[in-house]
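*Asks:* I would like to see how this sequence folds:
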Amino acid sequence: MSNFFETKKINNNDQQGRDSQQAQEINTVSQNKMITDLDQELRVFTFHDKIGEQFEISTKKIGGINEIYNNLNKGKTEEKKVESPKNLATIIKAFKNHRRLITNNENKEINKSPHLLISGGFVRDVLTNQIPNDIDLITNMPSSEIYSLVKNLSNIKSIGVHGESSEVVRVKFRNGEEYEISSFKNAGEKNGIINPSQDAGAREFTANALFYNPLSGQVIDYVGGIKDIEKKRIRFTGSAKKRIDEDGIRMMRYIRFLYKTGFSAIDEDREVVRKLAPKIKKEATERIKTELDRILQLASADKIIETFDDLGLLEQIFPEVKKLQNCKQGPPYHMEGDVYKHTLLVLEKLPKIASSRLKWATIFHDIAKPETREETEKDGKNKVSFLQHDQVGADKAGSILKRANFSNKEIEDIKWLIANHQMLFQKVSNRVKESDEKNHNRVRNRAKAVFKKMIMSKGIELVDDLVKLAIADSQGKISKEGDNKQDQEIIKEIFNEAKRDLKESEKNGVDFKKLINGKIIMEALNIKPSSEIGKIKKQILDILLESGENFDSEDLAKTRIRELILEFKK
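*Replies:* Below you'll find the model as predicted:
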């Protein structure tokens with residue numbers, strides 16, 4: 001990290017944050033000094049509140065907006081450089097020039113420009129040398145006044161007020177820049193104008209409770225967030241219990257920011273989350289689902305599942321996955337341990353860039369093993385099997401996913417992946433391996449037809465996920481019968497050949513699903529609509545795909561299809 005972002009070492013104790021009421025008392029006692037001092041260089045201020053407790057407020061000079069982006073762009077290629085947001089200066093200028101009537105500490109009415117600070121992720125990103133994704137602003141004006149001030153700015157594409165208890169003015173400019181401007185917040189108060197220290201005390205994590213003053217170029221820290229960022233740790237603001245009691249979803253956001261930042265957790269906060277984990281059941285399933293999807297995008301799913309388990313949240317959200325720890329596997333196919341351990345190994349083997357759909361299917365791919373487990377003994381040897389666990393598991397996963405507020409489309413796709421995750425070994429690799437020289441080409445064409453039919457029915461992306469799941473499942477087990485590398489290579493090879501064949505057909509204008517239709521069948525056979533037509537369509541498609549026939553043009557394909565239809569007259 002460059003010197004620009006280095007923080008001067010200071011001798012102070014970790015500040016555990018302040019409750020909203022105490023924060024208000026702090027401002028009453030020391031507000032004038034704070035306003036004066038915050039415009040100076042980096043330093044730490046020590047104060048005493050009304051009840052005599054000592055606290056610190058830190059400031060850090062990072063420069064103006066343009067200076068920040070110039071420093072963030074240092075060492076980057078032109079393609080990766082990011083321009084300083086153009087319309088932010090317009091918003092800052094509008095607030096700077098605006099005057100509103102307020103009552104000061106001496107109970108006199110004066111005209112003064114409102115406070116305007118940039119909050120949250122922007123400050124955290126800048127202090128960790130990351131390009132900010134979002135810029136959120138806060139002010140001591142209510143949303144109605146924010147809207148009135150901002151609505152007449154130039155180059156605005158749209159503006160609106162969103163939210164209920166905490167209203168946000170969302171502004172979108174014609175160049176694509178978007179900003180959210182909200183009033184200072186306080187977890188304990190819904191009405192009235194709140195100040196920055198109260199807002200900081202109401203935020204969930206210290207690293208997200210920092211403010212940047214665009215006029216002075218200073219970061220303002222009421223809760224010890226600068227030091228936490230320096231030590232790369234995520235810490236709840238104030239009391240972890242209080243923050244979680246206010247909103248149980250913060251336990252999941254805690255996990256999300258651990259992975260988003262790569263920071264570590266502190267033992268005290270981790271223990272509080274473990275104790276309060278049952279509270280997550282009281283939260284809306286749609287909010288839980290949103291956080292789950294966000295978290296899954298940030299890291300390998302095996303690590304995420306382990307973190308949820310470590311913090312006690314896995315048992316609360318997906319108890320069925322937790323129970324896999326009690327389902328023992330064994331010879332001859334699974335020597336790696338219980339089903340939970342196998343699931344983690346399979347998740348670990350997924351490609352680094354795996355879709356959320358694939359990760360969810362993998363998490364639940366063996367979810368029905370506990371109820372399908374059978375243990376038998378033959379010739380003095382134990383054998384553990386899980387017959388039909390793929391089909392039973394698809395239905396069981398469907399119920400879990402519905403409970404967890406997954407969409408119908410998500411449930412349909414994930415169920416299909418689970419139901420078919422063993423099929424590629426049964427219908428593709430095993431058959432190809434067992435074929436002799438005489439019928440090898442015919443078996444191989446049939447194996448390709450399995451993929452072609454799935455691609456035509458489900459789409460190439462879903463089938464690609466199925467291949468990845470099957471291969472990871474094979475790699476995530478320790479079998480007495482070997483590592484299954486040959487099966488994995490056969491599946492990948494046949495899948496790639498099937499894709500090439502379909503691409504070549506598309507290039508030649510041949511679409512079997514379009515060409516094999518009911519109208520052609522009825523005209524050729526002189527029959528009326530009936531269920532027989534669907535059966536004939538399926539048989540003709542099977543014949544064409546399994547034969548491996550390729551056609552250079554649509555006309556040649558039509559001729560062959562007509563020949564096959566006429567065979568049904570005989």
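
*Asks:* how is this protein carved up into domains?
*Replies:* 3-231, 349-507, 512-569 (automatic domain parsing).

*Asks:* including mean pLDDT, could those domains go into JSON lines?
*Replies:* Shown next, in JSON lines, are these (pLDDT from 0 to 100):
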{"stretch": "domain 3-231", "mean pLDDT": "78"}
{"stretch": "domain 349-507", "mean pLDDT": "92"}
{"stretch": "domain 512-569", "mean pLDDT": "86"}
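
*Asks:* any chance of those in JSON lines, with mean neighbour count and distance to Ile317 too?
*Replies:* Where you see a C-beta, it was placed from the backbone N, CA and C, and this is true even at glycine. Output for the domains of the chain, formatted as JSON lines (neighbours: other CB atoms under 10 Å; distance: least, CB to CB, whole Å):
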{"stretch": "domain 3-231", "mean neighbour count": "16", "distance to Ile317": "19"}
{"stretch": "domain 349-507", "mean neighbour count": "18", "distance to Ile317": "7"}
{"stretch": "domain 512-569", "mean neighbour count": "15", "distance to Ile317": "40"}
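
*Asks:* redo the ones you listed as a markdown table? Include distance to Gln329.
*Replies:* Shown next, in a markdown table, are the domains of the chain (distance: least, CB to CB, whole Å):
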| stretch | distance to Gln329 |
| --- | --- |
| domain 3-231 | 40 |
| domain 349-507 | 6 |
| domain 512-569 | 36 |
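
*Asks:* can you give me every residue that contacts the spatially closest residue to Asn517 that is not a sequence neighbour?
*Replies:* Counting by CB to CB, 6 or more residues apart in numbering, Asn517 lies nearest to Lys537, which is 7.5 Å off, once chain neighbours are set aside. By CB atoms under 8 Å, 6 or more residues apart in numbering, the residues touching Lys537 are 516-518, 521.

*Asks:* below-threshold pLDDT in the stretch 201-350 of the chain: ranges please.
*Replies:* 332-333 (pLDDT under 70).

*Asks:* how about the helices in it?
*Replies:* Listed in chain order, the helices of the stretch 201-350 of the chain (DSSP state H, counting those that start in this stretch) span 225-230, 240-246, 250-261, 267-276, 285-296, 301-310, 313-317, 319-322, 339-349.

*Asks:* same check, this time on the stretch 51-200 of the chain
*Replies:* Counting by DSSP H, counting those that start in this stretch, the stretch 51-200 of the chain has helices at residues 65-72, 88-97, 121-127, 143-150, 196-202.

*Asks:* any chance of these in TSV, with distance to Leu469 too?
*Replies:* Shown next, in TSV, are the helices of the stretch 51-200 of the chain (distance: least, CB to CB, whole Å):
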stretch	distance to Leu469
helix 65-72	39
helix 88-97	45
helix 121-127	34
helix 143-150	47
helix 196-202	43
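
*Asks:* out of those, which is closest to Met454?
*Replies:* helix 121-127 (41.6 Å; CB to CB).

*Asks:* give me the helices and strands touching the closest one, please.
*Replies:* In terms of contacts (3 or more CB pairs under 8 Å, 6 or more residues apart in numbering; DSSP states H and E), helix 121-127 is packed against strand 211-213, helix 225-230.

*Asks:* got CSV for the ones you listed, with distance to Thr285 too?
*Replies:* Shown next, in CSV, are the helices and strands packed on helix 121-127 (distance: least, CB to CB, whole Å):
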stretch, distance to Thr285
strand 211-213, 34
helix 225-230, 31
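
*Asks:* looking at the ones you listed, which is closest to Lys157?
*Replies:* Distance to Lys157, taken as CB to CB, is lowest for strand 211-213 among those, at 25.3 Å.

*Asks:* show residues contacting that closest one.
*Replies:* Counting by CB under 8 Å, 6+ apart, 38, 62, 117-119, 122-123, 126, 138, 196, 199-200, 218-221 sit against strand 211-213.

*Asks:* the same query, at a cut-off of 6 Å, please.
*Replies:* The contact list for strand 211-213 (CB atoms under 6 Å, 6 or more residues apart in numbering) reads 117-119, 123, 196, 219-220.

*Asks:* take those residues and keep only those in strands.
*Replies:* Among the contacts of strand 211-213, the residues falling in strands (DSSP state E) are 117-119, 219-220.

*Asks:* which one of those residues is nearest Leu345?
*Replies:* The nearest one, if we look at those relative to Leu345 and count by CB to CB, is Ser119, at 41.5 Å.

*Asks:* compare the helices and strands packed on helix 121-127 and report which one is nearest to Ser58.
*Replies:* Closest approach to Ser58 among these (CB to CB): helix 225-230, 5.3 Å.

*Asks:* contact partners of that closest one?
*Replies:* So helix 225-230 is contacted by 7, 58, 60, 127, 206-207, 209-210, 235 (CB under 6 Å, 6+ apart).

*Asks:* residue contacts, the residue nearest the centre of the chain?
*Replies:* In the chain, the centroid-proximal residue (CA atoms, centre = their mean) is Arg294; its distance is 2.3 Å. Contacts for Arg294 (CB under 6 Å, 6+ apart) come out as Arg256.

*Asks:* and the two most separated of the contacts of helix 225-230?
*Replies:* Lys60 and Arg235 (17.7 Å).

*Asks:* hmm, back to that, of all the domains of the chain, which one is nearest Arg243?
*Replies:* Among those, if distance is taken as CB to CB, the winner is domain 3-231, at 5.3 Å.

*Asks:* on that earlier part again, tell me which of the helices and strands packed on helix 121-127 sits nearest to Lys427.
*Replies:* That would be helix 225-230 among the helices and strands packed on helix 121-127, by CB to CB, at 53.3 Å.

*Asks:* what's the distance between that closest one and the middle of its chain?
*Replies:* Centroid separation for helix 225-230 versus its chain: 25 Å, with CA atoms, centre = their mean, to the nearest Å.

*Asks:* using PDB, write out every CA atom in that helix.
*Replies:* Taking C-alpha atoms only, helix 225-230 is exported to PDB below (Å, rounded to 0.1, in the frame of the first residue of the first chain):
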ATOM      1  CA  GLY A 225     -12.900   2.200  12.200                       C
ATOM      2  CA  ILE A 226      -9.600   3.500  10.900                       C
ATOM      3  CA  LYS A 227      -7.600   1.300  13.300                       C
ATOM      4  CA  ASP A 228      -9.800  -1.700  12.600                       C
ATOM      5  CA  ILE A 229      -9.100  -1.300   8.800                       C
ATOM      6  CA  GLU A 230      -5.400  -0.900   9.600                       C
END
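
*Asks:* all helices of the stretch 351-500 of the chain, in order?
*Replies:* Counting by DSSP H, counting those that start in this stretch, the stretch 351-500 of the chain has helices at residues 356-364, 369-372, 389-403, 408-419, 423-424, 430-434, 440-458, 460-475, 485-507.

*Asks:* how about those helices in CSV, adding distance to Glu268?
*Replies:* Shown next, in CSV, are the helices of the stretch 351-500 of the chain (distance: least, CB to CB, whole Å):
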stretch, distance to Glu268
helix 356-364, 30
helix 369-372, 36
helix 389-403, 33
helix 408-419, 37
helix 423-424, 48
helix 430-434, 54
helix 440-458, 48
helix 460-475, 37
helix 485-507, 46
